[in-house]
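# Pasted the sequence and its predicted model underneath.
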Amino acid sequence: MPKVTINGRELEAQQGQTVLQLALDNGIDIPHFCYHPRLKVAGNCRMCLVEIDKVPKLQIACGTQVADGMVVHTDTERVLKARRAVMEFLLLNHPLDCPICDQCGECRLQDYSFEYGRGQSRFREDKHTWPKYDLGPLIEPEPNRCIHCTRCIRYLRDVAGVEEFGLFERGCHAVVGTYVERELTSPFQMNVIELCPVGALTSKPYRFKGRSWLQDQTRTVCPGCSIGCNVTAWSLRGELLRFTPAENESVNRCWLCDAGRMWIGRVHADDRLDAITVRGAGASFEQALDEASAPLQALIDEGRPGAIGVIGSAHLTNEDNYLIAKLAREVIGTEHISFLGGQNTRSIEPSDKPLTEWLISDDKTPNTRGARDMKVVSGRGLDVKGMVAAAGRGELKALLVFGDDPASIGEDAASALAKLDTLLVTSAWQTRTAELARVVFPEATAAEKEGTFTSERGRVQRVRAAIPPVGESRPAWQIAQALAIRLGRKWNYSTAAAVFDEIAGEVSGYHGLSHASIPPEGSPLGM
């Protein structure tokens, strides 16, 4: 292995590693704009210049491979003078609009200008400006802020796999834009927002919602599909503002699809349920439990648990589905339990192929694998379609629906469910099934509760609450436990972690896991 000395420290490098990579891996900061570990090296910002012994000119650290015996200096006066010159050049035409720029607080140009910039500008001429253009409904371009690092161009071409961005004209007239002024079409286009080191490409949906330093950050899992991308949830005063990708080499690397980012709009949507209702009127939690449990207890006492059906959901956590299945089989005594799950059609590892080949799943639910593992499956009983049909024939008298919408499966489903004597629904949103329900409990979304999801590739990951539950919403496992207690069981699960620790002891494949020991990148089943 080559041994390289940086600022007097002897470091062991990997063959083919660059000076910048070696420095960053060892906590030595070298400023840079155009370099990104997931992109090809461009070497055009010149901010990472370093001095190397026996080399007459300064070299770019991002494009210079290490060699055994190399001696590098990153903080000499010669290097600092070059960085100050680069910063002065980049700021010549840059607008002074930090107070209104959404990148403020997350802007490398802002940070480096503080460290290497001059106290005042020597530029006295008129600044060159570029006209604005439209990139579509997701990204707001500000060409006057662009420093031409070309990260966005390289990302769309080499990672997203589309040729939609280019650098046009030359010199002070150069501008980044789309060919023939088209809108961006890639389903991964919003990744350029984090890639852009300045405020040239910002999020239209997030624009002017809040400053980064005022927001709370929570690492969690995107509930948009079964891949289980890791995300950072940003919130302010109880409102979820945005998802940004969180690094996980085994799942999504550092990328996230646009659909996953836009899922947050569902949390505060107009059709969000936030109050308990009984027969369409407001009610307390206790009143709703009385209304729901009385007919269930009557059927159980009559020896007719088979007249009761239970539907879980692939949108719910493992903890939710585990107690739902336990409620059905051990408390009610019915085998009619199932869920409306997606189909895990493929299991693709992260790769260097375009994102469309490995970061989009056909299963748009986050926990199909987990729901099956928790035994929310029909087995000897009826599946969802069978339960709906049995309700239409009058054979099924009561149905408990947790987190899903069976009325949506067909034209006759709603009329069949309307024939039930008792329909209890827990839902985060107003659905056709919720409209038909006798009792409705508002349900906490994945952004409002603790728990776990199991991805389509069998990785168990922590779901964390980024904001408090809206209104009277609560996790489905708490509602299932309250029903079990009303039906005579002494359940006493105080947290989602307590439920998961029981899962680890009871469910095959989850043995040896514990809620507290699941690492940020998740735990593969069987390991």
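Right, received. Where do you want to start? Numbering: from 1, shown residues only.

# From here on, just use CA atoms for contacts and neighbour counts.
Noted.

# Strands of the stretch 1-150 of the chain, residue ranges please.
With strands called from DSSP state E, counting those that start in this stretch, the stretch 1-150 of the chain shows them at 3-6, 9-12, 49-52, 59-60, 71-73, 139-141.

# What helices and strands are in contact with the shortest one?
Strand 59-60 sits against strand 49-52, with contacts defined as 3 or more CA pairs under 8 Å, 6 or more residues apart in numbering; DSSP states H and E.

# average pLDDT for the strand it packs on?
The average pLDDT within strand 49-52 is 98.

# contacts for it?
Residues outside strand 49-52 that contact it (CA atoms under 8 Å, 6 or more residues apart in numbering): 57-61, 70-76, 78-79, 82-83.

# between those, which is nearest L241?
Among the contacts of strand 49-52, R83 lies closest to L241 (CA to CA), at 35.4 Å.

# And for the closest one, the neighbour number?
24 (other CA atoms under 10 Å).

# Adjust the sequence numbering to begin at 180 for everything that follows.
New numbering, starting at 180: the last item is R262.

# In space, what's closest to it - neighbours in sequence excluded?
Leaving aside its sequence neighbours, R262 sits nearest to M226 (CA to CA, 6 or more residues apart in numbering; 5.8 Å).

# show me what contacts that neighbour?
Contacts for M226 (CA under 8 Å, 6+ apart) come out as P210, H211, F212, I239, R262, V265, M266.

# hmm, back to that, who wins for neighbours among the contacts of strand 228-231?
That'd be A240 among the contacts of strand 228-231, by other CA under 10 Å, with 28 neighbours.

# just checking, that one touches V198?
Yes - contact between A240 and V198 holds when scored by CA atoms under 8 Å: they sit 5.0 Å apart.

# Strands of the stretch 580-706 of the chain, start to end?
In the stretch 580-706 of the chain, the strands defined using DSSP E, counting those that start in this stretch lie at 601-606, 618-621, 630-633, 638-642, 702-703.

# Among those, which comes closest to L502?
Closest approach to L502 among the strands of the stretch 580-706 of the chain is made by strand 630-633 (12.4 Å; CA to CA).

# Remind me what the closest one packs against, helices and strands.
For strand 630-633, the packing partners by 3+ CA pairs under 8 Å, 6+ apart come out as helix 497-505, helix 547-552, strand 638-642, helix 675-685.

# Pull out the buried positions in stretch 644-661.
644-649, 652-661 (16 or more other CA atoms under 10 Å).

# what do you get for stretch 278-298?
Buried, per 16+ other CA under 10 Å, within stretch 278-298: 280-283, 285-289, 291-292, 295-296.

# just those residues now: which is nearest R217?
Among the buried residues of stretch 278-298, and counting by CA to CA, the member closest to R217 is R287, at 17.8 Å.

# number of nearby residues for the spatially closest residue to the closest one that is not a sequence neighbour?
Nearest residue to R287, sequence neighbours excluded (CA to CA, 6+ apart): P376, at 5.5 Å. By the criterion of other CA under 10 Å, P376 has 22 neighbours.

# What of the one 5 residues further on?
T381 has 22 neighbours, counted by other CA under 10 Å.

# Write down the beta-bridge partners of it, one by one.
T381 forms beta bridges with E319, as assigned by DSSP bridges.

# contacting residues for it?
Applying CA under 8 Å, 6+ apart, the residues near T381 are D281, Q282, I318, E319, P320, I372.

# check contacts around the first one.
When contacts are counted by CA under 8 Å, 6+ apart, D281 touches G378, T381, R386, F387, R390.

# and what of K576?
A486, I487, A570, L599, D600, T601.

# what sits against the last one?
By CA under 8 Å, 6+ apart, the residues touching T601 are A471, P474, K576, A577, L578, A616, R617.

# Hmm, T624 is touching R445, no?
No - if you go by CA under 8 Å, T624 and R445 don't touch, sitting 9.0 Å apart.

# Give me the more crowded residue out of the two.
The neighbour comparison of T624 against R445 (other CA under 10 Å) goes to T624, with 27 against 13.

# so how many other residues sit close to the residue lying closest to L478 once chain neighbours are set aside?
In this structure, L478 finds its nearest non-sequential neighbour in P484, 6.0 Å apart by CA to CA, 6+ apart. P484 has 24 neighbouring residues, counting by other CA under 10 Å.

# for T411, same thing?
Around T411 there are 19 other residues, counting by other CA under 10 Å.

# In a strand, it, correct?
Yes - under DSSP: H, G, I helix; E, B strand; the rest coil, T411 falls within a strand.

# if I read this right, it contacts F422, doesn't it?
Yes - counting by CA under 8 Å, T411 does reach F422; the two are 5.6 Å apart.

# Provide a list of residues in contact with D254.
N186, V229.

# and the angle for the lengthiest helix in the chain with strand 601-606?
Ordering each helix of the chain by length in residues (DSSP state H) puts helix 464-480 first. Interaxial angle, helix 464-480 versus strand 601-606 (axes from the mean of the first three to the mean of the last three CA atoms, to 10 degrees): 130 degrees.

# Moving C-terminal from helix 464-480, which element do we reach first?
Following helix 464-480 in sequence order, the next helix or strand is strand 487-491 (DSSP states H and E).

# Could you dump the contacts of M226 into JSON lines with distance to F679 and pLDDT added?
Formatted as JSON lines, the contacts of M226 follow (distance: CA to CA, whole Å; pLDDT from 0 to 100):
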{"residue": "P210", "distance to F679": "44", "pLDDT": "97"}
{"residue": "H211", "distance to F679": "43", "pLDDT": "97"}
{"residue": "F212", "distance to F679": "43", "pLDDT": "97"}
{"residue": "I239", "distance to F679": "50", "pLDDT": "97"}
{"residue": "R262", "distance to F679": "52", "pLDDT": "96"}
{"residue": "V265", "distance to F679": "54", "pLDDT": "95"}
{"residue": "M266", "distance to F679": "52", "pLDDT": "94"}
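
# ok, those vs L435, which is closest?
F212 (21.3 Å).

# Now that closest one. Its backbone dihedrals?
Main-chain torsions, F212, degrees, to the nearest 10: phi -120, psi -50.

# Neighbours of it, how many?
23.

# these two touch, right, it and C331?
No - the criterion here is CA under 8 Å, and F212 misses it with C331 at 11.8 Å.

# closest to T610 out of the strands of the stretch 180-329 of the chain?
T610 sits nearest to strand 318-320 of all the strands of the stretch 180-329 of the chain, at 31.1 Å, using CA to CA.

# Cheers, nothing more for now.
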